[in-house]
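In: Provided below for reference: sequence and predicted model.
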Amino acid sequence: MKTKRFAMVLDSSKCIDCKACTVACKIENKVPMGQDNYRNWVAEGPLRGKFPDLGQSFQPGQCMQCANTPCDQVCPTGATRVNRDGIVLVDDHKCIGCKYCITACPYNARYYNEVTGAVDKCTFCVQRIYRGRQPACVETCPTKVRVFGDLNDRNSEVSRLLVKHAYKVEKPEMGTDPFLFYII
Ligand code: SF4
Ligand code: SF4
Ligand code: SF4
């Protein structure tokens, strides 16, 4: 079977900070209650303009599914691994909760799940995508900020978006080679 390279392309200019994606993610992935527990987030930009004509931008984020993975490199048990399609996963049974990977991740994309006793993070909803469904955040977003797909398929929507638009990745200086792309 041909290898895929899953990625997400986001148009943050469409984000209205409704946080439906964060709620959907928590429900889908059984993320325990608590403000430090999350697989995805919406970062608020600074206020623009002058009162009463104010505006604000928002940028959704989650694990960047990096190609160069510091989280994987520091894991002493092999619990963190990259699957054949580029998705960075954590094996709950191998994770000993040392939290080295939480410290190593430049994006603060991981949290410690006290219910499972393992570190957890976005997996692009592996339980859904290999059954032909979209990640929960993608399916839920009312303004279609998020597009998910296979970058090895030149005809996929993610590939076409990256040909059509200029884009950036977060913290390129870290050398992590992220696979979340933000249209600019
Ligand atoms: Fe690892 Fe963090 Fe990159 Fe995700 S964003 S692959 S947790 S370094
Ligand atoms: Fe959460 Fe799934 Fe979206 Fe990742 S892809 S942020 S796990 S809903
Ligand atoms: Fe932004 Fe979409 Fe998330 Fe709402 S669901 S906060 S519009 S990315």
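Out: Received the coordinates, thanks. Ligands and ions are numbered 1, 2, ... in the order given.
In: direction included, what does the helix or strand of the chain with the lowest mean pLDDT pair up with?
Out: For the chain, using mean pLDDT, DSSP states H and E, the weakest element among its helices and strands is strand 40-50, scoring a mean of 92. Note on strand 40-50: by DSSP bridges, its sheet partners are strand 53-62 (antiparallel).
In: mind exporting the partner strand as PDB, just the C-alpha atoms?
Out: Written as PDB, here are the backbone C-alpha positions of strand 53-62 (Å, rounded to 0.1, in the frame of the first residue of the first chain):
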ATOM      1  CA  ASP A  53     -13.600  49.400  16.200                       C
ATOM      2  CA  LEU A  54     -11.600  46.500  17.600                       C
ATOM      3  CA  GLY A  55     -10.600  43.300  16.000                       C
ATOM      4  CA  GLN A  56      -8.700  40.200  17.100                       C
ATOM      5  CA  SER A  57      -7.200  37.200  15.400                       C
ATOM      6  CA  PHE A  58      -7.100  33.600  16.600                       C
ATOM      7  CA  GLN A  59      -4.900  30.700  15.700                       C
ATOM      8  CA  PRO A  60      -5.900  27.100  16.400                       C
ATOM      9  CA  GLY A  61      -3.100  24.700  17.300                       C
ATOM     10  CA  GLN A  62      -2.400  21.100  18.300                       C
END
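In: going forward, the N-terminal residue is numbered 571.
Out: Sure, I'll start counting at 571 from here, so that last one is strand 623-632.
In: right, is it up against ligand 1?
Out: No: applying C-beta under 6 Å from any ligand atom, one finds strand 623-632 separated from ligand 1 by no less than 8.0 Å. Backbone N, C-alpha and C define where each C-beta goes, glycine included.
In: contacts for that strand, please.
Out: For strand 623-632, contacts defined as C-beta atoms under 8 Å, 6 or more residues apart in numbering pick out 580, 582-583, 585-587, 591, 595, 609-619, 677, 679, 691-692, 707, 715-716, 740, 750, 752.
In: what comes up buried for the least confident helix or strand of the chain?
Out: For strand 610-620, burial by neighbour count (16 or more other C-beta atoms under 10 Å) applies to N610, W611, V612.
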